[in-house]
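>>> Generate a structure from the sequence data that follows.
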Amino acid sequence: MAIAASVRPSVVENTANAARHPAIVRLTHWINTLSFFTLLVSGFAILLAHPRFYWGEAGGLGAPSLFDLPLPFMKGGPSGWGRNLHFLAAWVCVLNGVLYVSSGVVTRHFRNNLVAAQGGYHLPQRLAYLLVIFGLLPLMLWTGFAMSPAIVSSYPWLVTVWGGQESARTIHFLAAGSLVLFVLVHIAMVYRAGLWSGLRSMIAGREDQV
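Purely as a prediction, here's the structure:
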């Protein structure tokens, strides 16, 4: 018992001093949070101009839609500034994502925490993170490029593989909805595990030890 008592404080101290989240993970996390919120707001502004979705190359008023959203049409509304802001935030998200993935490969963050499960994440959490990082986010980027006339003019295969720009727009919207669902579940899990402790670990790199 005496040996255990003498060892316990040092173990607790070492655990408390160990950073749970490296600085690069914290930095990219908050940049991604800001860019995601900006993309969400600007994307909603774009959506209000035409809340209908189609499949194929063309779509518009009078054409049969794949599905409609219960939102009012605001023709010529906030989509102008929404598109500009969306484009800017998208590039911030892309550059930040490249930094995050590059650092994750170099520091073995993905292998240690998401593949080998050394970071304490459960299997569903690890699968969800991997799906978002290497699945949904690249899909959002690809379909976003497929809706850009300037990019498609140089790389037409980006849109032809989806069957048209309206198909890319529909997939882009569905992927965005999946990302929003992931973020909501992520926030709920952080709240359940301890909101302030989770925020502190993502800001300062450490969380309170009981």
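
>>> What segments of this structure are strands?
For the chain, applying DSSP state E gives strands covering 52-53, 67-68.

>>> Looking at these, which one is packed in the most?
Of those, the one with the most neighbours on average (mean count of other CB atoms under 10 Å) is strand 52-53, at a mean of 20. Backbone N, C-alpha and C define where each C-beta goes, glycine included.

>>> I133: what's it in contact with?
Residues counted as contacts of I133 (CB atoms under 8 Å, 6 or more residues apart in numbering) are 101, 110.

>>> Do you know the pLDDT at it?
On pLDDT, I133 comes in at 91.

>>> same question, L88
For L88, the predicted pLDDT is 93.

>>> and the gap between it and T170?
Distance, L88 to T170, by CB to CB, to the nearest Å: 24 Å.

>>> Could you check which of those two is surrounded by more residues?
T170 (22 against 14; other CB atoms under 10 Å).

>>> what sits up against stretch 54-68?
Applying CB under 8 Å, 6+ apart, the contact partners of stretch 54-68 are 50-53, 163-167, 169-170.

>>> Stretch 176-185 too?
36, 40, 43, 128, 132, 136-137, 140.

>>> List the buried residues of it.
Residues of stretch 176-185 classed as buried: 176, 178-179 (neighbour count, 16 or more other CB atoms under 10 Å).

>>> Could you dump these into CSV with distance to N113 and pLDDT added?
Below are the buried residues of stretch 176-185 laid out as CSV (distance: CB to CB, whole Å; pLDDT from 0 to 100):
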residue, distance to N113, pLDDT
A176, 26, 95
S178, 22, 95
L179, 20, 94
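
>>> Out of those, which comes closest to V106?
Nearest to V106 out of the buried residues of stretch 176-185 is L179 (CB to CB; 25.4 Å).

>>> could you measure the closest one against P138, distance?
Distance from L179 to P138, by CB to CB: 12 Å.

>>> Any regions of the chain where pLDDT drops low?
1-20, 76-79, 117-120, 205-210 (pLDDT under 70).

>>> repeat that for 80
1-22, 60-62, 74-80, 113, 116-122, 193-195, 197-210 (pLDDT under 80).

>>> would you list every one of the helices in it?
2-17, 23-49, 79-106, 109, 123-131, 137-146, 149-154, 157-160, 165-203 (DSSP state H).

>>> any chance of those in TSV, plus distance to L71?
As requested, those are arranged in TSV below (distance: least, CB to CB, whole Å):
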stretch	distance to L71
helix 2-17	49
helix 23-49	6
helix 79-106	13
helix 109	39
helix 123-131	28
helix 137-146	20
helix 149-154	25
helix 157-160	25
helix 165-203	12
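
>>> what about those helices, which gets the closest to A116?
Closest among the helices of the chain, using CB to CB: helix 123-131, at 9.5 Å.

>>> Go ahead and measure how far the closest one is from the middle of the chain.
What separates the centre of helix 123-131 from the centre of its chain is 13 Å, taken as CA atoms, centre = their mean, to the nearest Å.

>>> could we number from 13 for the rest of this?
With the count now opening at 13, the last piece we talked about shows up as helix 135-143.
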